[in-house]
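> coords please:
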Amino acid sequence: MNKVPKSLIARLSALVIALIIVVMLPFIQEKPNIDINSKTFKYLSEIREDKKELTLGYFEEIENSAASIAHDEVMQNYFLRLASGTTPSIAMISGLDRHFIENYGSFYDLLMVDTSGYVFHTIKQETDYRTNLINGELRNTKLAQSLKNSRSTNFSDFEYYYPSNESAAFFVVPVKDQSDHQGWFILQCAINQINTILTNREQFGRTVEVYLVNNDNLMLSDSRFIEDQTILKLKIETESVKHARFQDSGENIIVDYRGARVFSSFEKFNYFNTSWVIIAEIDEAEVVSEHYRDHKDYFNGLILQDLSKMQHLPKDIPETPRAGDKVDVNEWSKAIPGEILQTTGVSTCTAYTIEYPKKFAYLAHISAMDAVYGIKGMTKIFLKDRSTNFVRELTNRVRYYDVTLSEIPKLEFLIVAVHKNSYAGMVEQLLDQGIELDQIRFAYNPAAKSASVRVDVSSNQTIIIWHSYESYFIEFSKDYETLGEIVKKHTRT
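Okay, here's the model as predicted:
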């Protein structure tokens, strides 16, 4: 059989693409007149302000509680009796503990300290009991520094406090007997309440995060993206923190502490002698994905139009690589470095890959009986148990068995088809499972008859071979923009 001239192939391909664009144009909706930057920053500003007010409200509550101890005659009496060296009875200690719980239960512990810095009593009886805060092992703490020359109530900012093996802040309240300074009540605040306020993300998006940063640029709450505790361990030196030191408040799109692009809204505020920065952020990828979902008919038309315009130029196949594990229709397989997956004859079907670069990859060959094709009515009844749902099945498998929560954004998803029948259903299912558009590529060539896909985990290289008449076109998955990149190009910002 004689080969069809390449020039004829090119002209026929161009004609097919032109016809597709003409058919799709009536379905392309008017561009959404929304400034997503302004909308997103307004949303973050409201969240940030709400969390700041809750945080300050909590501190105002415990500050009032701490201030009341200076006029608490019961506590004053316990302090003076214990400071004088009186051997406490069981009844006395029981009464003191009960009074503390009933009146100062918002605090983790109460330390009674004399003017030399000696801790002569605590409620918890931890290792700071009977030590000297000013001259002992704790002398370099912020708490010890706040005691020196302190004759009025003050606040010692959060730091790691090893007697409690956790982060703590302190209200330091002077004790006076007829105007003579006798020492201090020190009320210890655990950080868990502040952490709870900031990490309560009910009704927030997938990636919204609000956190506090102290003067040492250390995070005062736990990150939602890191499994280990980050309080006073994770240093934040982003543009938002730097700008907050000089301009008090602002907003910008920055690279956050994970290396992700985020919308960031920040504000510096003061409490007692302490300065904190509160930051509210959301991943740009989520903003773009949600904008797409709100206007998916408009964006789907543009995405398919952009992909239809791609030039697929004939190339020679590189040296024949070694064979890989073959994936047939209605099958999927997993590979690790050193292994190769391949499938052929993708025509009315769809190829689908999930890749974690250099670690593993899944390849599925999805038939037209899959749920993503929008099977309805009598066809759905007729198929019964023969229909599949590979997108949901494989994505859930990877989420539960192959990656941690923080690794999900590192996954790359590829859809390969010569048609658009499965595209909308696959994207919708991926978004429903928390995958962002920036992670998804759609390799689409309506001028081809079929496609072959080859995944090499070691090289992080997925080859797509488009078969058209007697010619073929070779491409790589990275030749295609992510859907997020396409949406951003067509979005007003």
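> all the helices of the stretch 1-150 of the chain, in order from the start?
Using DSSP state H, counting those that start in this stretch, the helices of the stretch 1-150 of the chain run over residues 6-24, 36-68, 73-83, 90-104, 142-147.
> in what helix or strand does residue 428 lie?
helix 423-432 (DSSP states H and E).
> now the strands for the stretch 201-350 of the chain?
209-213, 249-255, 261-271, 274-283, 325-326, 331-335, 340-346, 350-356 (DSSP state E, counting those that start in this stretch).
> could you tell me the least trusted of these?
Within those, confidence is poorest for strand 325-326, with a mean of 89 (mean pLDDT).
> CA atoms of stretch 232-245 as CSV?
C-alpha atoms of stretch 232-245 as CSV (Å, rounded to 0.1, in the frame of the first residue of the first chain):
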residue,chain,number,x,y,z
LEU,A,232,7.9,26.8,67.1
LYS,A,233,9.7,24.5,64.8
LEU,A,234,9.0,25.7,61.3
LYS,A,235,10.6,29.0,60.3
ILE,A,236,8.6,31.2,57.9
GLU,A,237,10.6,33.6,55.8
THR,A,238,8.2,34.3,53.0
GLU,A,239,7.6,37.6,51.3
SER,A,240,4.4,38.1,53.4
VAL,A,241,6.4,37.9,56.7
LYS,A,242,9.1,40.2,55.4
HIS,A,243,6.5,42.8,54.2
ALA,A,244,4.5,42.6,57.4
ARG,A,245,7.5,43.8,59.4
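> enumerate the positions of that stretch that are buried.
Buried positions in stretch 232-245, judged by neighbour count with 16 or more other C-beta atoms under 10 Å: 232, 234, 236, 238, 240, 241, 243, 244. All C-beta spots, glycine's among them, are computed from the backbone N, C-alpha and C.
> to residue 253, which of the helices of the stretch 1-150 of the chain lies closest?
helix 36-68 (7.6 Å; C-beta to C-beta).
> of all the helices of the stretch 1-150 of the chain, which one is nearest residue 306?
helix 6-24 (10.2 Å).
> picking that back up, CSV please, covering the helices of the stretch 1-150 of the chain and showing mean neighbour count and mean pLDDT.
Listed next are those as CSV, based on neighbours: other C-beta atoms under 10 Å; pLDDT from 0 to 100:
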stretch, mean neighbour count, mean pLDDT
helix 6-24, 14, 49
helix 36-68, 16, 95
helix 73-83, 17, 94
helix 90-104, 13, 95
helix 142-147, 19, 91
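> can you redo those as CSV with distance to residue 440?
Listed next are the helices of the stretch 1-150 of the chain as CSV, based on distance: least, C-beta to C-beta, whole Å:
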stretch, distance to residue 440
helix 6-24, 20
helix 36-68, 19
helix 73-83, 62
helix 90-104, 54
helix 142-147, 48
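> so which of these comes closest to residue 176?
helix 73-83 (8.7 Å).
> can I get that closest one in CSV? Just the C-alpha atoms.
Backbone C-alpha positions of helix 73-83 (Å, rounded to 0.1, in the frame of the first residue of the first chain) are rendered in CSV as follows:
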residue,chain,number,x,y,z
GLU,A,73,-7.4,37.1,98.8
VAL,A,74,-7.5,33.3,98.9
MET,A,75,-4.6,33.0,96.5
GLN,A,76,-2.7,35.8,98.2
ASN,A,77,-3.1,33.9,101.5
TYR,A,78,-1.9,30.6,100.0
PHE,A,79,1.1,32.4,98.5
LEU,A,80,2.2,34.1,101.7
ARG,A,81,1.8,31.0,103.8
LEU,A,82,3.7,28.8,101.4
ALA,A,83,6.4,31.4,100.9
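> state the distance from the nearest residue to residue 130 once chain neighbours are set aside to residue 442.
Using C-beta to C-beta, 6 or more residues apart in numbering and skipping the chain neighbours, the partner closest in space to residue 130 is residue 119 (6.3 Å). According to C-beta to C-beta, to the nearest Å, residue 119 and residue 442 sit 66 Å apart.
> got it, and residue 55?
Taken as C-beta to C-beta, the span from residue 55 to residue 442 is 44 Å.
> quick check: angle from the helix holding residue 428 to strand 350-356?
Helix 423-432 runs at 30 degrees relative to strand 350-356, counting by axes from the mean of the first three to the mean of the last three C-alpha atoms, to 10 degrees.
> for the record, mean pLDDT for helix 423-432?
pLDDT averaged over helix 423-432 gives 94.
> and the helix or strand following it, what other elements does it pack with?
Remark: after helix 423-432, the chain's next helix or strand is strand 440-444, criterion DSSP H and E. Packed against strand 440-444 by the contact rule (3 or more C-beta pairs under 8 Å, 6 or more residues apart in numbering; DSSP states H and E) you find helix 296-308, strand 412-417, helix 423-432, helix 483-489.
> so how far is the shortest one from its chain's centroid?
Using C-alpha atoms, centre = their mean, to the nearest Å, the distance from the centre of strand 412-417 to the centre of the chain it belongs to is 23 Å.
> what mean pLDDT does that strand have?
97.
> and it, which strands flank it?
Strand pairing for strand 412-417, determined by DSSP bridges: strand 350-356 (antiparallel), strand 440-444 (parallel).
> and the longest one, C-alpha only, in CSV?
Taking C-alpha atoms only, strand 350-356 is exported to CSV below (Å, rounded to 0.1, in the frame of the first residue of the first chain):
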residue,chain,number,x,y,z
THR,A,350,-9.2,6.6,26.9
ALA,A,351,-5.8,6.2,28.4
TYR,A,352,-5.3,7.5,31.9
THR,A,353,-2.1,7.8,33.9
ILE,A,354,-1.2,8.8,37.5
GLU,A,355,2.4,9.5,38.0
TYR,A,356,4.6,10.3,41.0
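> if we can go back for a sec, which one of the strands paired with strand 412-417 is the most hemmed in?
Mean neighbour count (mean count of other C-beta atoms under 10 Å) peaks for strand 350-356 among the strands paired with strand 412-417, with a mean of 25.
> what's in contact with that one?
343, 361-366, 370, 372, 390-391, 394-395, 398, 402-403, 407, 410-417, 421-422, 426, 451, 453, 455, 457, 460, 462, 477 (C-beta atoms under 8 Å, 6 or more residues apart in numbering).
> just the ones of these in helices?
The helices, defined by DSSP state H, take in 390, 391, 394, 395, 426 from those.
> what is the nearest of these to residue 151?
Nearest member of these to residue 151, counting by C-beta to C-beta, is residue 395, at 62.7 Å.
> center of the protein, which residue is that?
Nearest to the mean C-alpha position of the chain, by C-alpha atoms, centre = their mean, lies residue 207 at 4.1 Å.
> which residues touch that one?
Residue 207 neighbours (C-beta under 8 Å, 6+ apart): 224, 262, 281, 282, 283, 285, 286.
> what's the farthest-apart pair in the residues you listed?
Based on C-beta to C-beta, the longest span within these runs between 224 and 285 and measures 14.9 Å.
> pick out whichever of those two has more residues nearby.
Using other C-beta atoms under 10 Å, the more surrounded residue of residue 224 and residue 285 is residue 285, with 22 against 18.
> pretty sure the more buried one contacts residue 262?
No - using C-beta atoms under 8 Å, residue 285 is not in contact with residue 262; the gap is 9.0 Å.
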